[in-house]
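> Sharing a sequence plus its predicted fold:
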Amino acid sequence: MSSNPDRVPLRRSLAVRLGLWQAALFGAATAVMFVSVYVFLARTLEAREREALELRAAEYAAAFENAGVAGVRSLLDSERAITHVRSLLIRVVGQGGEVTFAKVPDNWIEADTSVLEPDDWGAWRTRRTQTIRVPRDEQRDVAVATRRLASGALLQVARSTDNRAALLAPLRNIMWGVGTLAVALSAGAGAWLSWRAMRPVREVAATARRIVRTGDLSARVDGKTREDEIGDLVRQFNTLLERNGNLLQAMREALDNVAHDLRTPLTRLRAGAEAALPQTPDPNARQALAECIEETDRIKRLLDALLDVSAAENGVLRLDREVVDLGAMFKNVGDLFGMIAEEKNTKLELSAAAGATAWADPARLRQVIANLVDNALKYTPAGGAVRVGAETRGARTFIVVSDNGPGIAPGDETKIWRRLYRGDHSRSQRGLGLGLSVVKAMVEAHGGTVSVANRPEGGAVFTIELPAVQG
Amino acid sequence: MRILVVEDDAKIGSFVASGLKQHGFAADVARDGDEALSLALSTGYDAAIVDVMLPHLDGLSLVRRIRAKNNLLPVLFLSARGSVDDRISGLEAGGDDYLTKPFAFSELLARVQALIRRSTRTPEATKLTARDVELDLVTREVRVAGKPVELQPKEFTLLAFLLRHVGRPVTKTMILEHVWDYSFDPETNVVDVLVHRLRGKIDPDHTRIETMRGVGYVLKP
């Protein structure tokens, strides 16, 4: 059933859309959380670093105040063994920007670029000078602690920090990986869960479709009773089907009862006349009995047709549908009407395009085509032609019956389908006046349409549209 | 040949029974399903005609019970409802054929005879004759008064059908169903046309095929 046009395509599926939405929301929430953690972590690391650096700066400033540059040197000498001191930049900058003391770590490059200088806002601005340092690795940041000395000069302690490279970058990578994976999983799991949750809804749609297609009123949605909204939908839907089924059953029984109540007296009437006929010598009486029998048969046909129309219109007509080959069907109809057409000296042409099919109850479809051909032959004058064609285009089949009779009188286009309606042209013709109502009711019971138009060159053309295949 | 008629309507029941008797059958009428069940199980019938709607035990249940006893009695259902569903449930219940009311007696008779023929597997003759009309089903030759006659396929089928029912009327409905396999009346006079053509070829002086108004066509024996 992959070609079922009624099915919801995947891209429109609510389950898929819910899954994608969930993934989007989940992704956004994860991103916010990760960014918060990252920022917090980065800030904390930076604060720790700064605290440590401030501590060092205080120590060196105290040493400088005590013993000047020599004090700093001796402090550094005593700390030579401590690894992290080696990686510190320590310098003293005079008020004019002149460097009175500097210790540069081994892995720093001294270059002639710029120097950090406090501005009026407490931040730093750069000024060209000859001795500054840039970390060899550009990715590293520099943390700087500054102390103002009693002389007005600045003592700066700086360290290249590798927090981002060493800690934050791997963290970022992990967050990217985990986040992407989580979003993908959430999209998949969300779609799957929604798909599962939507299963009863799909079954409701499938059941409705099956009922429309097959008329099987006993179909119900398989309801493992869930207590949620969808379970409620399924239960209500089944209740609706139950009531609908009961109504149709009542309708069917009512029709059966009408049929029974009319057929039984008709049977007795016919039986009485038929039994009396051979025993009646009087020719007038025989004639009356024969007419009685003929009229009984006429009423029976009328009743059969009326019951069929009522059943079809009320949706209780049983249709045993199959894919009907219209070529074979036309041959069969031609078999029946060919002789009548010959007698009337009317041309009857039935030709179905190769591969033309209809998804229909063959007996009912034959009745429909036979009624239209019969109708066309009745109105077509001697020497005229009745043409029947069929063609399947996509999922629909068109059956066209055209004649060159008088056509449909203006204003009669909708009336001709009414039960027992006869236009002016048809009064002289035999028939029950039910043929076209049967056609309309049967075609519509098949989910098709029938329409009539006048041909520009004269005559009427009836067009039936039916589903070509099951689906 | 003994036929069981199960019909609650007295007039219809006696019409069917007396018609059957006229055609050489013995017939018993049961007025309800219970009576019919005991008759069917105690008497050897060759066929049963069963109305679907009966008081007490309805026709479908009756036939189901008969079938439950492994009784293969051929059954023709009569129904006053006549919806397709009824026809199908009748056949599902174990019926062999189905006829909608009102019906022509000749049609009922033809169906009952067909049922009996089927159940006794009477081999069908390949040569059919009536008076000076001869028809060979195998060679498809038709002779009238010794002279060969060329018939169109539908005319041949109709003649064979009339010959099988020689002396008994066949209705338009029966002809439509047998010759064209149409179970509904398409409101045409196609049967008249075909009979007219056949007459022109085998009965130009109207002595062999009689048209009985209200009854049908009879090929005279």
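Received it, and whenever you're ready, just let me know what you need.
> From A:G231, how far out is B:L72?
51 Å (C-beta to C-beta, to the nearest Å). All C-beta atoms are positioned from the backbone trio N, CA, C, and that covers glycine.
> The two - which one has more neighbours?
Legend: neighbour count by other C-beta atoms under 10 Å in any protein chain shown for B:L72 and A:G231, higher for A:G231 (14 against 11).
> which SSE is the more buried one in?
Following DSSP states H and E, one finds A:G231 within helix A:229-276.
> Check which helices and strands that helix is in contact with.
Contact here means 3 or more C-beta pairs under 8 Å, 6 or more residues apart in numbering or on different chains; DSSP states H and E; on that basis helix A:229-276 packs against helix A:199-214, helix A:283-313, helix B:10-22.
> how about 10 Å then?
helix A:199-214, helix A:283-313, helix B:10-22, strand B:75-79, helix B:84-92, strand B:97-100, helix B:105-120 (3 or more C-beta pairs under 10 Å, 6 or more residues apart in numbering or on different chains; DSSP states H and E).
> Show me the contact partners of the shortest one.
The one in question is strand B:97-100. The list of residues contacting strand B:97-100 from outside it, by C-beta atoms under 10 Å, 6 or more residues apart in numbering or on different chains, reads A:259, A:263, A:267, A:300, A:303-304, B:47, B:49, B:52, B:74-83, B:86-91, B:107-108, B:111-112, B:114-115, B:118, B:183.
> just the fifth one next, same as before
The contact list for helix B:84-92, computed with C-beta under 10 Å, 6+ apart, reads A:252, A:256, A:259, A:308, A:311, A:316-320, A:361, A:363-364, B:50, B:52-53, B:59-60, B:63-64, B:75-81, B:83, B:95-100, B:183.
> shaky segments in chain B?
Scanning chain B for pLDDT under 70 picks out B:82-85, B:185-187.
> Now do the strands in it.
With DSSP state E as the criterion, chain B has strands at B:2-6, B:26-30, B:47-51, B:75-79, B:97-100, B:127-130, B:133-136, B:142-144, B:147-149, B:209-212, B:216-219.
> Then the stretch 1-150 of chain A?
For the stretch 1-150 of chain A, strands defined by DSSP state E, counting those that start in this stretch occupy the ranges A:88-93, A:99-103, A:108-111, A:114-118, A:124-128, A:132-135, A:141-148.
> worst average pLDDT in those strands?
Least confident of these, judged by mean pLDDT, is strand A:132-135 with a mean of 45.
> Where does the stretch 301-450 of chain A get nearest to chain B, which residue?
A:A370 (4.4 Å; C-beta to the nearest C-beta).
> How about the host helix or strand of that residue, which residues are buried there?
Secondary-structure assignment from DSSP H and E places A:A370 in helix A:362-379. For helix A:362-379, burial by neighbour count (16 or more other C-beta atoms under 10 Å in any protein chain shown) applies to A:362, A:364-379.
> my read: A:Y379 touches A:G407, true?
Yes. Using C-beta atoms under 10 Å, A:Y379 makes contact with A:G407 at a distance of 8.5 Å.
> B:K101 reaches A:A259, doesn't it?
Yes. Contact between B:K101 and A:A259 holds when scored by C-beta under 10 Å: they sit 9.1 Å apart.
> re earlier: would you mind listing which of the contacts of helix B:84-92 are buried?
Using 16+ other C-beta under 10 Å, the buried ones in the contacts of helix B:84-92 are A:252, A:256, A:259, A:308, A:311, A:316-319, A:361, A:364, B:50, B:52-53, B:59-60, B:63, B:75-81, B:83, B:95-100.
> Quick one: mean pLDDT for stretch A:356-372?
93.
> chain center to it, what's the gap?
Offset of stretch A:356-372 from its chain centre (C-alpha atoms, centre = their mean, to the nearest Å): 34 Å.
> Same check on stretch A:220-229?
Counting by C-alpha atoms, centre = their mean, stretch A:220-229 comes out at 22 Å from the chain centroid.
> Please identify which helix or strand holds A:G458.
In the assignment (DSSP H and E), A:G458 maps to no helix and no strand.
> How about the contacts made by the nearest residue to it once chain neighbours are set aside?
Excluding the flanking residues, the one nearest A:G458 by C-beta to C-beta, 6 or more residues apart in numbering or on different chains is A:N404, at 5.4 Å. A:N404 sits next to A:346-347, A:376, A:379-381, A:383-387, A:455, A:457-461 when contact means C-beta under 10 Å, 6+ apart.
> Can you check what angle separates the following helix or strand past the helix holding A:A370 from helix A:362-379?
Using DSSP H and E, the next helix or strand after helix A:362-379 towards the C-terminus is strand A:385-393. If you take axes from the mean of the first three to the mean of the last three C-alpha atoms, to 10 degrees, strand A:385-393 sits at 140 degrees to helix A:362-379.
> Would you mind pulling up the elements that strand A:385-393 packs against?
helix A:326-343, strand A:347-352, strand A:357-360, helix A:362-379, strand A:396-402, strand A:460-467.
> looking at these, which is buried most?
Of these, the one with the most neighbours on average (mean count of other C-beta atoms under 10 Å in any protein chain shown) is strand A:357-360, at a mean of 26.
> what about chain A, any weak spots by pLDDT?
Applying pLDDT under 70 to chain A picks out residues A:1-7, A:83-86, A:96-97, A:106-141, A:161-165, A:214-215, A:223-225, A:419-433, A:471.
> top helix in it by residue count?
helix A:14-78 (DSSP state H).
> beta partners of the residue of chain B most remote from its centre?
Distance from the C-alpha centroid of chain B peaks at B:K147, with 31.2 Å (C-alpha atoms, centre = their mean). Bridge pairing for B:K147 (DSSP bridges) gives the partners B:V144.
> For it, give its distance to chain A.
24 Å (C-beta to the nearest C-beta, to the nearest Å).
> which residues does the residue in chain B positioned nearest to chain A contact?
Closest contact between chain B and chain A, by C-beta to the nearest C-beta, is at B:G214 (3.3 Å). Shown in contact with B:G214 (C-beta under 10 Å, 6+ apart): A:270, A:273-274, A:277, A:286-297, B:104, B:169, B:171.
> same thing with B:D32?
So B:D32 contacts B:6-8, B:51, B:54-58, B:62 (C-beta under 10 Å, 6+ apart).
> Name the nearest residue to B:A26, sequence neighbours excluded.
B:R2 (4.4 Å).
> Tell me how many other residues surround the one you found.
14.
> May I ask you to confirm that it is in contact with B:G44?
Yes. If you go by C-beta under 10 Å, B:R2 and B:G44 touch, sitting 7.2 Å apart.
> Just want the phi and psi numbers for A:V104.
Backbone torsions of A:V104, given as degrees, to the nearest 10, read phi -110, psi 130.
> can you pull the contacts of B:A47?
B:1-5, B:20, B:25, B:73-76, B:96-97, B:111-116, B:118-119.
> Now the buried members of those.
By 16+ other C-beta under 10 Å, these give B:3-5, B:20, B:25, B:73-76, B:96-97, B:111-116 as buried.
> Next one: the residue most central in space within chain B from B:E177, what distance?
Centroid-nearest residue in chain B, with C-alpha atoms, centre = their mean: B:A110, separated by 1.9 Å. Distance, B:A110 to B:E177, by C-beta to C-beta: 10 Å.
> same question, A:G435
19 Å.
> Please say which of those two ends up with more neighbours.
Neighbours were counted for A:G435 and for B:E177 using other C-beta under 10 Å; A:G435 has more, 21 against 16.
> Give the full set of residues in contact with the more buried one.
Here A:G435 is in contact with A:305, A:367-368, A:370-372, A:374-375, A:378, A:416, B:186-187 (C-beta under 10 Å, 6+ apart).
> and with 6 Å instead?
Contact partners of A:G435, counting by C-beta atoms under 6 Å, 6 or more residues apart in numbering or on different chains, are A:371, A:375.
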